[in-house]
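J.: My questions concern the predicted model and sequence given below.
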Amino acid sequence: MMNSLLCLKEVHTHIGQYHILQGINLDIVENEVNVLLGRNGAGKTTTLKTIMGLTPASKGAIQLRNTDITKKMTYDIANLGIGYVPEDQGIFGDLTVEENLRVAMRKENEQTLQKQEYILTLFPDLKRFWKKAGGKLSGGQKQMLAMARAFVNDSQMLLIDEPSKGLAPIVVEKVMEAIQEMKKTTTIVLVEQNFLMASRIGDNYTIIDDGKTVHHGPMKALISDEQLKRKYLGIG
Amino acid sequence: MELIISLIINGLATGMLIFLLAAGVTLIFGLMDVLNFAHGGLFVWGAYSGIFAYAATESFTIGILIALLTGAVLGFITEKLIITPVYGNHVQQILITLGFMIVLSECIKVVFGPNGIPVSVPPLLAGSWEVGNIIIIKYRIFIIAAGFIIYGVFHYILTKTKIGLIVRAGVMNREMVQALGINIKRVFLYVFMVGAALASLGGVLMAPYSGVIYAEMGMEYAILGFIVVVIGGMGSYSGTLFAAILVGLAGSFMAYYVPYLSLAVNMIIMVIVLVFRPQGLFTVAKG
């Protein structure tokens, strides 16, 4: 039995005069990696931002379990247990790795510090550059820090936007391994252009095209569906 | 040599007074990107309320505490009523805060009268020390010490405490701070109140230094505060201290050696900095 953790029903979002999301329907399955796919400009990033309340929905409903979060403020949504890794990573460049993580900690208790230790085993580079300013890290290290920051609290769900973007293949491998590890304890919504990566770590997929959800299902089905991949993703 | 030391002490004291005013500006302008010209009004209200309390109680410490309280309360009112509707719009911010600055100054005249009020240095801080041929005025040393203490306290808060890290993170990326579960608007309100309290502290400390307080003094010092923040770099606390000392020292030396340029020295420094380093001497990485 699949449990839906997050549900978007006919969500529309306007940014200024532009109608970006024009009917997004999503069912995010608990404890799985749910991948949002689609061409550039399809509305994947805006979908994540709308879930976080950064670009609030103008119509439709977003439910986290039994809580309606459509009109909630971003910080309230985050405090309900949704971690967010933006496309540009959002690192605080003047703060050290340690300070970036400290800002993210909702509680500085034993449990969170243990989680931090666990995260540092996932991303040993962060331990190595513990006192280095976030702005001076490499692209891969910034990505790891952004993911660590979202994961340091006990989040029930992580929204990760294009984690492989601009990274060397060896770093992408590390990021994938980390996501696989995170998946053991949390639900993940992943926006990813790199279909190879998405197909290897995704359990489910949703294709967004022109601001609408047009397909969803198990990732295995998409991998073998050449026509669908060609039509909406331009591959295959 | 005695002359140089005297000029350095004068310059440092002036610089620290500018720093106390500009520290609030750098918090409000640097973190919140709010052009608050009412800052001068908070400065002058701090001066009047503090000196009024000092006169009533004969305790300068109580005067300082009342000035801080006045600043914080006025900061709360200013942020809630004046600033909140105009976040993100610099033109509206300039217009409304300039208007509020005039209101605050005029209210001073209504409450305390239109004439300037002479202020004497508290007895404990009055007088001077003689070290060799150098006369060191006690109140200037007090101002310098107060400036460094305030800088130390803020440096500690901003670098060692969680709330300080949040404030610095907010300077760099406020959207991300919210996405980490922090109500940045509430943080902004607290920062605004602290910034306003600092302006008022600057006002009450300036009063015995200048010897007289008057309703219009706020605008003069508010502009100086903005100049220092621009020179130091937006959002950089250390930059503000450095720039304030630089402006203070330059003013002190220019007034003695090139007096006809002394009034223009702040502008000259700002122009030079803007030409060669438009982001200010110290910058804060934006992520």
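T.: Sure, I can see it.
J.: Closest to the centroid, which residue in chain A?
T.: Nearest residue to the geometric centre of chain A (Cα atoms, centre = their mean): residue A:160, 1.8 Å.
J.: Am I right that it sits in a strand?
T.: Yes: the assignment for residue A:160 is a strand, going by DSSP: H, G, I helix; E, B strand; the rest coil.
J.: elements contacting the helix or strand containing residue B:275?
T.: Assigned by DSSP states H and E, residue B:275 belongs to helix B:265-276. Counting contacts by 3 or more Cβ pairs under 8 Å, 6 or more residues apart in numbering or on different chains; DSSP states H and E, helix B:265-276 is packed against helix B:217-232, helix B:237-257. (C-beta placed from N, C-alpha, C; glycine too.)
J.: On the three-state scheme, the residue of chain A found nearest chain B is what?
T.: Chain B sits closest to residue A:93 of chain A, with a gap of 3.1 Å, by Cβ to the nearest Cβ. Assigned by three-state DSSP, the conformation of residue A:93 is coil.
J.: Double-check it against residue A:142; I have them as touching.
T.: No: counting by Cβ atoms under 8 Å, residue A:93 stays clear of residue A:142, with 9.1 Å between them.
J.: thinking again about what came up before, and the average pLDDT for the helix holding residue B:275 is what?
T.: For helix B:265-276, mean pLDDT is 91.
J.: now do stretch A:13-22
T.: 93.
J.: For it, which residues meet the burial criterion?
T.: Of the residues in stretch A:13-22, A:13, A:20, A:21 count as buried by neighbour count, 16 or more other Cβ atoms under 10 Å in any protein chain shown.
J.: residues near the residue of chain A closest to chain B, how many?
T.: Residues near residue A:93, counting by other Cβ atoms under 10 Å in any protein chain shown, number 18.
J.: likewise residue B:102?
T.: Going by other Cβ under 10 Å, the residues that sit close to residue B:102 add up to 17.
J.: Roughly how far does it sit from chain A?
T.: Going from residue B:102 to chain A by Cβ to the nearest Cβ, to the nearest Å gives 35 Å.
J.: from the middle of its chain, how far away would the helix or strand harbouring that residue be?
T.: Taking DSSP H and E as the definition, residue B:102 sits inside helix B:90-112. Chain-centre distance of helix B:90-112: 17 Å, with Cα atoms, centre = their mean, to the nearest Å.
J.: tell me what it is packed against?
T.: Counting contacts by 3+ Cβ pairs under 8 Å, 6+ apart, helix B:90-112 is packed against helix B:39-57, helix B:217-232.
J.: can you list contacts of it?
T.: Residues outside helix B:90-112 that contact it (Cβ atoms under 8 Å, 6 or more residues apart in numbering or on different chains): B:34-42, B:44-45, B:48, B:52, B:74, B:78, B:82-83, B:85-86, B:215-216, B:218-219, B:222.
J.: how does it look with 6 Å?
T.: Here helix B:90-112 makes contact (Cβ atoms under 6 Å, 6 or more residues apart in numbering or on different chains) with B:34-38, B:40-41, B:44, B:48, B:82, B:86, B:215, B:218.
J.: Low-confidence stretches in the stretch 151-287 of chain B?
T.: Scanning the stretch 151-287 of chain B for pLDDT under 70 picks out the ranges B:284-287.
J.: Residue numbers of it in contact with chain A?
T.: B:165-166, B:169, B:172-173, B:176, B:178-183, B:284-285, B:287 (Cβ under 6 Å from any Cβ of the partner chain).
J.: Mind checking which of these are buried?
T.: Using 16+ other Cβ under 10 Å, the buried members of these are B:165-166, B:169, B:172-173, B:176, B:178-182, B:284, B:287.
J.: Tell me the one among the residues you listed nearest to residue B:157.
T.: For these, the minimum distance to residue B:157 (Cβ to Cβ) is 9.6 Å, reached by residue B:165.
J.: I figured that closest one hits residue A:105, correct?
T.: No: assessed by Cβ atoms under 6 Å, residue B:165 is found out of contact with residue A:105, at 10.2 Å.
J.: Just want the residue of the stretch 1-150 of chain B that's nearest chain A.
T.: Counting by Cβ to the nearest Cβ, the stretch 1-150 of chain B gets nearest chain A through residue B:30, at 11.9 Å.
J.: what pLDDT does that residue get?
T.: pLDDT, residue B:30: 71.
J.: count of neighbours near residue B:99?
T.: 13.
J.: can you tell me how far it sits from residue A:180?
T.: According to Cβ to Cβ, to the nearest Å, residue B:99 and residue A:180 sit 58 Å apart.
J.: cool, and residue B:112?
T.: Applying Cβ to Cβ, the value for residue B:112 to residue A:180 is 69 Å.
J.: Off-centre distance for the lowest-mean-pLDDT helix or strand in chain A?
T.: Every helix and strand of chain A was ranked by mean pLDDT, DSSP states H and E. The lowest is helix A:226-228, at a mean of 85. Centre-to-centre, helix A:226-228 and its host chain are 25 Å apart (Cα atoms, centre = their mean).
J.: Nice, that's everything, thank you.
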